[in-house]
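Peer 1: after the sequence you'll find the predicted model.
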Amino acid sequence: MTVVRGLYQRFQRLIHEAAKFGVIGAIAFVVTTVGTNLLHFQVGLGPLTSNVIATIVATFVSYAGNRYWTFRHREGSTVPREYALFFVLNGIGLAIQLACIGVTYYLLSLTDKLSYNIALVIGIALGTLFRFWSYRRWVWVAPPGETTEAGVGGRRPMPPGPAMAGHPAGQHVPSRNGDGHAPGLLHANGHGDGDQTARTGPSTQGGWDR
């Protein structure tokens, strides 16, 4: 149990993001597969055209879910750049899907509904893996203070400063003049060692002024 708990704490953020991404991906998967099948087998559009249209619709669903839920804690860029990156990366994911469908439908001549859907599911799975990796890397990046080892936010704690010689770290050490200031330094009231002289009297080293 200790090992499992340690692994969870180490990859906590990744696990949470993957779970949320999976939920959004499942919704987008339903939109893509149902839309593709309806457009291809019911409406009569081509195998690739059907998938392109359904995937574009699913992309808008995916953007809203991932932007405002899965990766909402991560830093985005300006909205136009974020949109551009998101749709470019989704275009690459779509190309992966189309490659799987195209090979199955045109090269292997497997045009039946089962083969078509198997190729579609494989393409969606490969495209989804690429999208998850690319979103985290380029679209919504981790905050600068995030500790990647533990997978949680926050900054690393600053190490304690070195202790003064002979005294515990952080303990206030009064100076010889008793007011907490180092001798010879200018105090907040604008006076230096003159305060010490005023309290103790003139030094006897050179004798009393006459």
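Peer 2: Sure thing, it's come through. Numbering: from 1, shown residues only.
Peer 1: mind giving me the packing neighbours of the lengthiest helix in the chain?
Peer 2: Longest helix in the chain, counting residues (DSSP state H): helix 12-37. Judged by 3 or more Cβ pairs under 8 Å, 6 or more residues apart in numbering; DSSP states H and E, helix 12-37 is in contact with helix 47-65, helix 113-134. Heads up, the C-betas are built off the backbone N, CA and C, glycines and all.
Peer 1: between these, which one is closest to G102.
Peer 2: Closest approach to G102 among the helices and strands packed on helix 12-37 (Cβ to Cβ): helix 47-65, 6.5 Å.
Peer 1: name the residues of the longest helix of the chain that are buried.
Peer 2: Judged by neighbour count (16 or more other Cβ atoms under 10 Å), helix 12-37 contains these buried residues: 13, 17, 20-21, 24-25, 28-29, 31-33, 35-37.
Peer 1: nearest to V79, of those?
Peer 2: Nearest to V79, judged by Cβ to Cβ, of those is I24 at 19.2 Å.
Peer 1: relative to helix 47-65, how tilted is the longest helix of the chain?
Peer 2: Counting by axes from the mean of the first three to the mean of the last three Cα atoms, to 10 degrees, helix 12-37 lies at 140 degrees to helix 47-65.
Peer 1: what pLDDT, on average, does helix 12-37 get?
Peer 2: Average pLDDT, helix 12-37: 90.
Peer 1: could you do stretch 110-120 as well?
Peer 2: Mean predicted confidence for stretch 110-120 is 95.
Peer 1: okay, buried residues for it please.
Peer 2: For stretch 110-120, a neighbour-count test (16+ other Cβ under 10 Å) marks Y116, N117, A119, L120 as buried.
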